[in-house]
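Asks: Okay, here's the prediction I keep looking at, along with the sequence it came from:
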Amino acid sequence: MEIRQASYSLCAGITLTLLVLMSAWDAKGQSSKHPNSKSRPPKTAENLTESRIQRSVNEFLTNWLVLKDDARTISFFAKEAFESRAILSEDCAGYIQAEARTDPKAVENGVRKFLSDFNAHVAGLRLKDILTTEGGPTMTSSRKAELINIPDRNKYWLFQFSPDLLKGLGAEVEDHDYLIRQMKGKNAIVSYIQLRLKEDGELFTGALYFLWVPEKTGWKIIHAGMVCQ
């Protein structure tokens, strides 16, 4: 699979659905303004959630893309992620064959290969050089998920949405019952990330997303996907 296949155009399936969930505004035009930035108390449950998930996402990206620590990177995935029939199911992915999706070890191996492929092609040595917010999700939809960070500062987007929002989609989300179960009645976070990549001397951008849920040991990834060319 060529990494260059991960680009801005959307393929069918869960990627499209989750990205539509995430945005009903032009991210490029709104990314410099936090929706809840006015006069909030320094310590609230909401602030603590945002702080913890941002720390988890930053640690994940640093271990994956900068330190290239494979063991630490895979530890950010919940074991339930490898039981999902939908993870990396996009047409352009090709990391997990249909017949292997009932084998958690085979799914995990596919995820490891996915992480390794992108890691090997990043254009930059620091997160601020690797990540970009140019362009970004610019879809429109009647459904909304809340933007909870400042993309221009973090260099990625964090969207929060509730189990009810996901449940309302019904059959539109492949394996949505699994995702709802893993949310355990709590809000989930989608981190939408754009990477500067290089292959065969050509620079391009790849777009990925990860679905995070809170667990006792911290925030964990239960689903991952690509934006296909």
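Replies: That came through, no problem.

Asks: make it CA atoms for all contacts and neighbour counts henceforth
Replies: Fine.

Asks: any idea which helix or strand of this structure has the worst average confidence?
Replies: The weakest-scoring helix or strand in the chain, judged by mean pLDDT, DSSP states H and E, is helix 27-30 (a mean of 39).

Asks: next helix or strand past that helix?
Replies: Next helix or strand after helix 27-30 toward the C-terminus (DSSP states H and E): helix 45-61.

Asks: Next SSE downstream of that next one?
Replies: Later in the chain than helix 45-61, the nearest helix or strand by DSSP H and E is helix 70-74.

Asks: List the buried residues in that next one.
Replies: Residues of helix 70-74 classed as buried: Thr73, Ile74 (neighbour count, 16 or more other Cα atoms under 10 Å).

Asks: contacting residues around it?
Replies: Phe60, Asn63, Trp64, Arg112 (Cα atoms under 8 Å, 6 or more residues apart in numbering).

Asks: Quickly note the distance from the last one to Lys184.
Replies: Yep, that's Arg112 we're talking about. Arg112 sits 26 Å away from Lys184, taking Cα to Cα, to the nearest Å as the criterion.

Asks: Which of these two has more residues huddled nearby?
Replies: Arg112 (16 against 13; other Cα atoms under 10 Å).

Asks: For the more buried one, what are phi and psi?
Replies: Dihedral pair for Arg112: phi -60, psi -40, per degrees, to the nearest 10.

Asks: residue contacts, it?
Replies: Per Cα under 8 Å, 6+ apart, neighbours of Arg112: Ile74.

Asks: what's the angle from the longest strand anywhere in the chain to helix 45-61?
Replies: What stands out as the longest strand in the chain, according to DSSP state E, is strand 202-215. Inter-element angle recorded for strand 202-215 and helix 45-61: 130 degrees (by axes from the mean of the first three to the mean of the last three Cα atoms, to 10 degrees).
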